[in-house]
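Undergrad: What shape does this take:
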Amino acid sequence: MSKKVLILSSSPRKGGNSDRLCDEFLKGAEAAGNDVEKIFLKDKQINYCTGCSVCSMYGKPCPQKDDAADIIEKMIGSDVIVMATPVYFYTMCAQMKTLIDRCCARYLEIRNKEFYFIIAAAEESVPMMERTIEGFRGFLDCLEEPVEKGVVYGIGAWKVGEIEGKLSMVEAYEMGNNV
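TA: The predicted structure is shown next:
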């Protein structure tokens with residue numbers, strides 16, 4: 001059965017290592033017959049959460065007029081959400097964290113989703129990368145019935161393009177193909 005797959009690429013550089021891993025996941029998911037959309041967060045205007053409490057205390061939509069509401073609507077409408085980030089100082093990049101924070105108004109509607117995480121880092125150690133994955137898992141802990149399906153560890157890639165030829169590129173394609 002075809003699934004609706006949403007890939008959130010938070011790399012600040014198009015064609016960066018984590019973004020290239022997203023492209024491989026996309027190719028695999030499309031080859032398997034899924035409906036896939038990739039959103040490059042850098043192309044979107046996503047403001048920081050202001051902590052105004054309009055959503056949490058009064059149950060009203062976020063008053064900010066930016067692209068976050070449309071992205072969150074797509075998250076709610078997807079079966080599978082892929083969250084991809086380059087790793088800076090052992091955590092996710094600001095673009096991804098900003099989007100996660102903006103989910104506050106509607107996070108209870110992001111339920112029964114399958115999640116995949118993609119990271120790219122200069123670091124060579126997978127255990128060191130678990131800090132970043134734990135940040136994603138913290139987000140999932142707040143959702144209703146999320147299922148973590150897989151992680152692509154794009155390690156040992158710092159400069160643009162260093163991910164090419166690494167096993168993680170094959171893993172990203174295969175995970176996408178097995179959605």
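Undergrad: hmm, who's touching the one helix or strand residue 7 maps to?
TA: Assigned by DSSP states H and E, residue 7 falls within strand 4-9. Strand 4-9 has contacts (CB atoms under 8 Å, 6 or more residues apart in numbering) with 18-19, 22, 25-26, 29, 34-41, 71, 74-75, 77-84, 96, 99, 176, 179. For the C-beta atoms, the positions are set from N, CA and C on the backbone; glycine is no exception.
Undergrad: May I see the buried residues of the helix or strand of the chain with the lowest mean pLDDT?
TA: When each helix and strand of the chain is scored by mean pLDDT, DSSP states H and E, helix 54-58 comes last, with a mean of 89. By 16 or more other CB atoms under 10 Å, the buried positions in helix 54-58 come out as residue 55.
Undergrad: neighbours around the residue nearest to residue 169 when sequence neighbours are not counted, how many?
TA: In this structure, residue 169 finds its nearest non-sequential neighbour in residue 24, 5.2 Å apart by CB to CB, 6 or more residues apart in numbering. Residue 24: 23 surrounding residues under other CB atoms under 10 Å.
Undergrad: Compute the number of surrounding residues for the closest residue in space to residue 76 that isn't next to it in sequence.
TA: In this structure, residue 76 finds its nearest non-sequential neighbour in residue 109, 4.9 Å apart by CB to CB, 6+ apart. Residues lying near residue 109 (other CB under 10 Å) number 14.
Undergrad: Ok, residue 167 next?
TA: 12.
Undergrad: repeat for residue 8
TA: Residue 8 has 25 nearby residues by other CB under 10 Å.
Undergrad: Please name the bridge partners of the residue most central in space within the chain.
TA: Centroid-nearest residue in the chain: residue 83, 1.3 Å away (criterion: CA atoms, centre = their mean). Beta bridges link residue 83 to residue 8, residue 117, judged by DSSP bridges.
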